[in-house]
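Trainee: Prediction below, plus the sequence it came from.
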Amino acid sequence: FFNSSLMTPWLLVWAMVCLPATSRNPVRVISRAKVLTSARRGSGSVEGVGAKTLRRDVLRSVPVLVLGSIHLPVQADEAKKPPEVESSSSAEALQLGRELRELGAVFFGAYWCSHCANQKRALGKEAFQMIRYVECAKDGFNSNRKLCNEKDISGYPTWEIAGDLYPGEMSLDELRDIVAEVKKVKGGVSEGESEHEGIVTQTTALTKDAWTINLLYDGDCPVCHAEADFLRTHDPEGKILLTDISSGSYDPSKPENGGVAYKDAMERIHAVTRNGEILQGVQVFRRTYAEIGLGWLFALSSLPAIGPVTDALYDLWAANRLRLTGRGDLATEMVKRRESRRTTCDESTHRCPSLV
């Protein structure tokens, strides 16, 4: 055990840790550690009663070391906890909290999300404790990222009430209106005209404009950016919607983005048609260029003998695109995006984007 030179620098540390367990004189134990270190450097081996005694003291300290190490992950997790809610709940907030609890409401958020913190302060400590909170940040305390992905949570805060999702920070009045509407539906009463104008619900309806296909491109990639400029120049009718996935405002949950996550869009080029069809790889170029009358540029890639070769060449480019354009790898880009998006919470929608 002690014949490994890698262990020598730790001897002084272990000697100090074992003091509470052995109650030995500090000078005596440290002195033994120094003697052992000197012997280790000089002869390459350790002999003598002093070394045996130190070895016994260190072995006695193992339980202390184990118990001490168990606490380390807890300290790391505590740094990722959301800020504590310090405000007290009003009578109205308490009543709302009870009603949300009765409906099985779930609050999806992230520890770093400013709008989540605002939402909690509005409810107050007591009311918030009545509600189930799900941490969506992968590195957050008690993270349940899997559930957030299953629910397709694309931003924070997001409320799930009676099976429906309501994204964005809301006032107590807005939450109260949602609760009232849910209770009406559960009670068999028609919706009426009481829907609050400020409630933003998920929808698959697309806006009525000219585009027929949405190209998801990486604006930080010089080659991709040049191609987007080319398409924009040759598309006076606006048939191609160009969406920059490198933008901090890119939201996969928007209908025109087809639920395509940032990571997937970075690995292979994607496009979403007006009717919701998702295209990938060379197929994107075939359909996109065809929309503006330049489909002949990729006509040969549709031939049985040439198509597989074209697809293979694109896949090779896609796998090395970041490195070839001087940007490292996808993991590095994901970290950069995560850090930058933490400061881009949307003040207009009162919502923080998901870091996917």
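Mentor: That came through, no problem.

Trainee: In contact with Asp329, which residues?
Mentor: Neighbour list for Asp329: 322-323 [criterion: Cβ atoms under 8 Å, 6 or more residues apart in numbering]. Heads up, the C-betas are built off the backbone N, CA and C, glycines and all.

Trainee: now swap in Val223 and tell me
Mentor: By Cβ under 8 Å, 6+ apart, Val223 lies in contact with 321, 325.

Trainee: One more: Arg232?
Mentor: By Cβ under 8 Å, 6+ apart, Arg232 lies in contact with 240, 242.

Trainee: and it, what element?
Mentor: Using DSSP states H and E, Arg232 sits in helix 222-233.

Trainee: Return the set of buried residues in that helix.
Mentor: The neighbour-count check on helix 222-233 (16 or more other Cβ atoms under 10 Å) flags 224, 227-228, 231 as buried.

Trainee: Tabulate those residues in TSV, adding columns for pLDDT and distance to Phe285.
Mentor: Converted to TSV, the buried residues of helix 222-233 look like this (pLDDT from 0 to 100; distance: Cβ to Cβ, whole Å):
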residue	pLDDT	distance to Phe285
Cys224	86	12
Glu227	88	9
Ala228	87	12
Leu231	91	10
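
Trainee: Which strands and helices lie in contact with the strand or helix carrying Asn149?
Mentor: Using DSSP H and E, Asn149 sits within helix 145-150. Helix 145-150 is packed against no helix or strand, with contacts defined by 3 or more Cβ pairs under 8 Å, 6 or more residues apart in numbering; DSSP states H and E.

Trainee: just checking, next helix/strand downstream of it?
Mentor: Using DSSP H and E, the next helix or strand after helix 145-150 towards the C-terminus is strand 155-156.

Trainee: Restrict the very next helix or strand once past that next one to CA atoms and write it as PDB.
Mentor: Sequence order places strand 158-161 as the next helix or strand after strand 155-156, per DSSP H and E. This file holds the C-alpha atoms of strand 158-161, laid out as PDB (Å, rounded to 0.1, in the frame of the first residue of the first chain):
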ATOM      1  CA  THR A 158     -44.000  25.700 -17.100                       C
ATOM      2  CA  TRP A 159     -47.100  24.700 -15.200                       C
ATOM      3  CA  GLU A 160     -48.900  21.400 -15.800                       C
ATOM      4  CA  ILE A 161     -52.500  21.700 -14.600                       C
END
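
Trainee: Give the partner strands of strand 158-161 in its sheet and their orientations.
Mentor: Strand pairing for strand 158-161, using DSSP bridges, gives strand 106-109 (antiparallel), strand 164-167 (antiparallel).

Trainee: can you pull out the strands in the stretch 151-300 of the chain?
Mentor: Under the criterion DSSP state E, counting those that start in this stretch, strands of the stretch 151-300 of the chain are mapped to 155-156, 158-161, 164-167, 213-217, 240-244, 270-273, 278-280.

Trainee: Return the most buried member of those strands.
Mentor: Greatest average neighbour count among the strands of the stretch 151-300 of the chain goes to strand 155-156 (a mean of 26), per mean count of other Cβ atoms under 10 Å.

Trainee: Give the rounded mean pLDDT of that strand.
Mentor: Average pLDDT, strand 155-156: 90.
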